[in-house]
Each structure stands twice: as structure tokens, then as C-alpha cells.
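**Student:** Build the 3D model from these lines:
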Amino acid sequence: MKRLLKWIFGLAAAAVLVGLTLVLVRAFDARRKPPLEPWHHALESEIRAEDLTETTTLADYLRLEQAVFREVNETVLPATTPEDRTIANRYWPDSPLNPERFPRNWNRTFELAPEGDLRGGVLLVHGLTDAPYSVKAVAEIYRGAGFYALCLRMPGHGTVPGSLTEVRWEDWRAAVRLGARHVRGRIGQTLPFHLTGYSNGGALAIQYALDSLGTASLPKPDRVVLLSPMIGVSAEAGFARIIASVGAIPYFAQSRWLDVLPEYIPFKYNSFPAYAAQQTSELTSEVQAGVRKAARSGRIRELPPILGFVSLVDSTVETWATIERLYAFLPDNGSELVLFDLNRRAFLRLFLGRDYGAAVRRLFENAGRTYRLSLVTNAGPETNDAVDVSAAKRSTRLTRTPLGLSWPPEIFSLSHVAVPFRPDDPLFGIRPDLSVNYGARLGTLAPRGERDVLTVSASQFMRLNCNPFFPYLEARVRRFVEQDGH
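**Tutor:** Okay, the predicted model is just below:
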């Protein structure tokens, strides 16, 4: 026994030593990152959970938000150094990418109201490092269906990436609760209230829906729409706390950042702090635990129908976590899941590292599935034309419906960030609307040249930023809204 304990303690000590070595190696390597700029530091006026009570109104929230943007404009932008005063830096006041120069700064909370009769209301929650702009296209779908839409800026977003070194997932939860109370109050007690979440906002949407089951003061949503929801993240996110703690030492300040990149996107951060990864890890753990708890208690039967859209391949979140840690527990309540497949044209399949075909077949073969499952995929191996392959709940019978849409020949898959954006999005679209100008056409960039020259990875430009099947997504959302029996 003593020998066994000695071995156990020895292995544990070796594991700790290896872990500390890896952390220190990473800390020294992080010093090679670009220097931190004024926008890599947190804002003093950012909204926190303790600022938001059950009596805080949206008007109160907007006043607090205005103070945050005032701090950016008065302290961060003027501090931009001469070498950073370039057109490709959103934090140079004279840059065409500076969002304060646009007719409307979509980093801020905004509302959309229908032109005709009011049929309901929806709260839309954007993703991590994003801004309300990322859910604007879906908000417009809801407005077209007669819904009032509130696109709420989450604390730490739309201003400077440095704020994500301090805001917590509890701050986001408090903001979502405020937004839900406002929407319900705006539309009254009888009209349907929907909730939409993109990425990290998807996790917050599910967390809110679960919390509303047992909290009378939280308006219960009647339907939920998820876009690339962050139900699970990689195990590496769990180590972010250790990585961030090393950054508390001034010499290793850059260790607090997983990425320090140029900020050339007006409605999204490129730089990413380790603390934000830690918050997503904690949030997704809370959500998964909440789903399991609701399943054990039986309260999950009270969840509203959920319509989810996910890319089969996703380097930001774990797609299969959405399937196995959320949808696998859902009741038979009219929920639906849409998977966007890889482009399976025969030539492109030669280059795929993994095609997930067997895993998708197992999903369709599960006769106990409680939700409708759809796959947007090629009509055949020799065509880019797309079809919807669907199976109803508790059924393995497949139906194939042509979509009248095709894979653009140069695109091999969707991505995490592509799902909620139209192909004609002025900033991220592959066929951008040229009547609107946000200083860049990021969806059309296709740089070519030698390797290891750019300060930004070439994969950053290769990643698809819009959804060529958005018209299909729009039709599915509209049908989901119309199915609400209110």
C-alpha cells in the first residue's frame, strides 16, 4: 500500500510539474504577442450584475450603456498612438471602420418595431466578442412577422475587448433577465414572447428558459431560436483560469490574452482574453447542469419548443454538445434541429479530413428522437444544388425537399460565425449590399501571397462569415413563429 501511495503521489507531483512547465512556457511565449493597446484594458463604467435589479428598466440600462460608450470615445480613442492611426484600426477616430462614424452604431442596444399590428415580442442575444449587429438579420425576420425585437448589448461587448477581462457570465445573465422583462412588458401578457440566442447568447437563452421554469418573476418564453449555440466548449477553455492568473504578473501581462490581433471589424472583437474563455466554460457547465437537473426533476417537460441551427463543423463550439447535452433531453414539444452539412460534391470530398457521415446517419436512425431533424446537404455528389433531408420526431422516414439554393462552388462548409448572416450582408456577405458601407467588405476578402507574412492568420480570412442558405433559415424561422398558437 505504501508503495502504491508513493507511486500515486509521484505521478500527481509529476503531473503538476508538467502542468506548471507548460503554463510557464506559454507565458514566456505570450510575450511575443503584439503589445497591449488602450483597448486591451477594461472600462470602469461597464455594466455589471449589481447595477441591474428587478426594477431596472431598459431606459436605465441605456443610460448606463451610454456612459460606457462615452468612456470609449473620451478615453480610449484619443489614446490611440500615431503608429496605430490607420484606416484598418476601428479605434482610430478617423478610421472608416470607427463605428461611431456610421449613421447608426450597431454595437449598441437597438429595437426594431413592426409597421403593422403587433403580434408578439422577441429578445435577441448576441455571441461572445460580438455585438447586437450579429442578430440584426434574424431580428428583421421577426419584425417582418409583426414582432417587436430587442437586440440587447451584453456587458463587455461592442466597446473594447479589454472589458472581457473582467465581465462575468452572471453580468450577462442579469442583462438577459432585464431584457426579457422589458419585452414582456412592452407587448403585454397575452402576446407570444420569443427568445433568440446566437453562440454564447444561445447558452444564455437556454439558461434563461431553464431559470424561468422555477422563477415566477421571470417571464417564460413561448419559443426559443438558437443559432450556433454554445452548449459545449473544448476542455482547453477550462484551463483559461490558470492562464489568466499568470497574466496578473505584469511581466506576463500578455498571458491574459489568447489572441492579440488587429481590430479591423467594426462590430466584433478580434482579440480574445483567457478570462472570457473561462466565463464560457463556466456558463456552459451551468447550462449542462441545468438541463440535467430539469430532466431529473421532470420540469424539462415545461420547456418551450426550440428551433436550432448548427453547422456540422464548428471550430468555436462543440456541435455535438448541442445534440447530446441539450436536444437528447428535450421533451416531445415540437422542437426542431437543423444541421448545415459540408459541401459533399465529389471533388471536394477528396480534401475532407472527416465527413461525419456515419454520425449523422445514426441521428436519423434514432427512432426515439423527440425532435424533427433536418440536414441541408447536396442533392447528389455531382451537384452543388442543395436539398433539405428531414425526418419527423420519432421517425426514421426521410423526406427530401429541393431548396432552390446551391453551394457557392468555392465554399466547402459553413462555420460557427456564418449561420446568422445573410449572403448580402454589407460587412460579412459574399455578395454584399453595396448600398451600405461599414468601411470594409470582409466577406469578399481572398488574400493570396506567401506564407507567414500576414499578422493575421490566413485562416481568419478563409473562414466563411455568412450563410448561403439564409433564405432557408428565414423560411424555417417564419414557419416556427407562425406555429405559435397564441
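
**Student:** Am I right that residue 36 sits in a strand?
**Tutor:** No. The assignment for residue 36 is coil, going by DSSP: H, G, I helix; E, B strand; the rest coil, so no strand is present there.

**Student:** So what would you say the end-to-end distance of stretch 289-303 is?
**Tutor:** Its first and final residues considered, stretch 289-303 spans 15 Å by CA to CA, to the nearest Å.

**Student:** actually stretch 95-107, not the one I typed
**Tutor:** Span of stretch 95-107 from end to end, CA to CA: 16 Å.

**Student:** got the contact list for the closest residue to residue 315 other than its chain neighbours?
**Tutor:** Of all residues not flanking residue 315 in the chain, residue 416 sits nearest, at 6.5 Å (CB to CB, 6 or more residues apart in numbering). Where you see a C-beta, it was placed from the backbone N, CA and C, and this is true even at glycine. Residues near residue 416 by CB atoms under 8 Å, 6 or more residues apart in numbering: 199, 228, 311, 314-317.

**Student:** need the strands for the stretch 151-300 of the chain, in chain order.
**Tutor:** 193-198, 223-227, 257-259, 272-273 (DSSP state E, counting those that start in this stretch).

**Student:** Adding mean neighbour count, distance to residue 381 and mean pLDDT as columns, could you present those in JSON lines?
**Tutor:** Shown next, in JSON lines, are these (neighbours: other CB atoms under 10 Å; distance: least, CB to CB, whole Å; pLDDT from 0 to 100):
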{"stretch": "strand 193-198", "mean neighbour count": "28", "distance to residue 381": "32", "mean pLDDT": "98"}
{"stretch": "strand 223-227", "mean neighbour count": "28", "distance to residue 381": "29", "mean pLDDT": "98"}
{"stretch": "strand 257-259", "mean neighbour count": "21", "distance to residue 381": "37", "mean pLDDT": "90"}
{"stretch": "strand 272-273", "mean neighbour count": "22", "distance to residue 381": "38", "mean pLDDT": "95"}
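
**Student:** And the helices in this protein, which stretches?
**Tutor:** Ranges of helices within the chain are 2-30, 58-71, 136-144, 169-187, 200-213, 240-246, 274-297, 319-325, 346-349, 357-364, 458-462, 470-482, based on DSSP state H.

**Student:** Looking at the ones you listed, which one is packed in the most?
**Tutor:** Mean neighbour count (mean count of other CB atoms under 10 Å) peaks for helix 200-213 among the helices of the chain, with a mean of 25.

**Student:** and that one, how far from the chain's centre?
**Tutor:** 13 Å (CA atoms, centre = their mean, to the nearest Å).

**Student:** quick check: angle from that helix to strand 193-198?
**Tutor:** Interaxial angle of helix 200-213 relative to strand 193-198 (axes from the mean of the first three to the mean of the last three CA atoms, to 10 degrees): 150 degrees.

**Student:** how about the helices of the chain, which one is nearest residue 43?
**Tutor:** Residue 43 lies closest, by CB to CB, to one member of those: helix 58-71, at 5.1 Å.

**Student:** can you give me the mean pLDDT across that closest one?
**Tutor:** For helix 58-71, the mean per-residue pLDDT is 98.

**Student:** Can I get that helix in PDB, CA atoms only?
**Tutor:** What follows is helix 58-71, C-alpha atoms only, in PDB (Å, rounded to 0.1, in the frame of the first residue of the first chain):
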ATOM      1  CA  LEU A  58     -34.500  49.400 -20.400                       C
ATOM      2  CA  ALA A  59     -34.200  53.200 -20.200                       C
ATOM      3  CA  ASP A  60     -32.000  52.800 -17.100                       C
ATOM      4  CA  TYR A  61     -29.900  50.200 -19.000                       C
ATOM      5  CA  LEU A  62     -29.500  52.500 -22.000                       C
ATOM      6  CA  ARG A  63     -28.300  55.400 -19.700                       C
ATOM      7  CA  LEU A  64     -25.700  53.100 -18.200                       C
ATOM      8  CA  GLU A  65     -24.700  51.900 -21.700                       C
ATOM      9  CA  GLN A  66     -24.300  55.500 -22.900                       C
ATOM     10  CA  ALA A  67     -21.800  56.100 -20.100                       C
ATOM     11  CA  VAL A  68     -19.800  53.100 -21.300                       C
ATOM     12  CA  PHE A  69     -19.600  54.400 -24.900                       C
ATOM     13  CA  ARG A  70     -18.800  57.900 -23.600                       C
ATOM     14  CA  GLU A  71     -15.800  56.400 -21.800                       C
END
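
**Student:** Can you work out which other helices and strands pack against that helix?
**Tutor:** helix 169-187 (3 or more CB pairs under 8 Å, 6 or more residues apart in numbering; DSSP states H and E).

**Student:** hmm, who's touching the helix it packs on?
**Tutor:** Contacts of helix 169-187 (CB under 8 Å, 6+ apart): 47-49, 52, 54, 56-58, 61, 118, 120-123, 125, 148, 150, 152, 154-156, 193, 195, 200, 204-205, 207-208, 211-212, 218-219, 221, 279-280, 282-283, 286.

**Student:** that older thread, from the contacts of residue 416, list the buried ones, please.
**Tutor:** Among the contacts of residue 416, those buried by neighbour count (16 or more other CB atoms under 10 Å) are 199, 228, 311, 314, 316-317.

**Student:** export the helices of the chain to TSV and tack on distance to residue 268?
**Tutor:** Converted to TSV, the helices of the chain look like this (distance: least, CB to CB, whole Å):
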stretch	distance to residue 268
helix 2-30	22
helix 58-71	16
helix 136-144	13
helix 169-187	17
helix 200-213	13
helix 240-246	20
helix 274-297	13
helix 319-325	21
helix 346-349	28
helix 357-364	30
helix 458-462	12
helix 470-482	18
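
**Student:** For residue 423, which of these is the nearest?
**Tutor:** That would be helix 470-482 among the helices of the chain, by CB to CB, at 6.2 Å.

**Student:** Let's see that closest one as PDB, backbone CA atoms only.
**Tutor:** The C-alpha trace of helix 470-482 is given here as PDB (Å, rounded to 0.1, in the frame of the first residue of the first chain):
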ATOM      1  CA  PHE A 470     -30.000  32.100 -45.100                       C
ATOM      2  CA  PRO A 471     -33.300  32.200 -47.200                       C
ATOM      3  CA  TYR A 472     -34.000  28.600 -46.000                       C
ATOM      4  CA  LEU A 473     -33.200  29.700 -42.400                       C
ATOM      5  CA  GLU A 474     -35.500  32.600 -42.800                       C
ATOM      6  CA  ALA A 475     -38.300  30.400 -44.000                       C
ATOM      7  CA  ARG A 476     -37.900  28.000 -41.100                       C
ATOM      8  CA  VAL A 477     -37.900  30.800 -38.600                       C
ATOM      9  CA  ARG A 478     -41.100  32.300 -40.100                       C
ATOM     10  CA  ARG A 479     -42.800  28.900 -40.000                       C
ATOM     11  CA  PHE A 480     -41.700  28.400 -36.400                       C
ATOM     12  CA  VAL A 481     -43.200  31.800 -35.500                       C
ATOM     13  CA  GLU A 482     -46.400  31.100 -37.300                       C
END
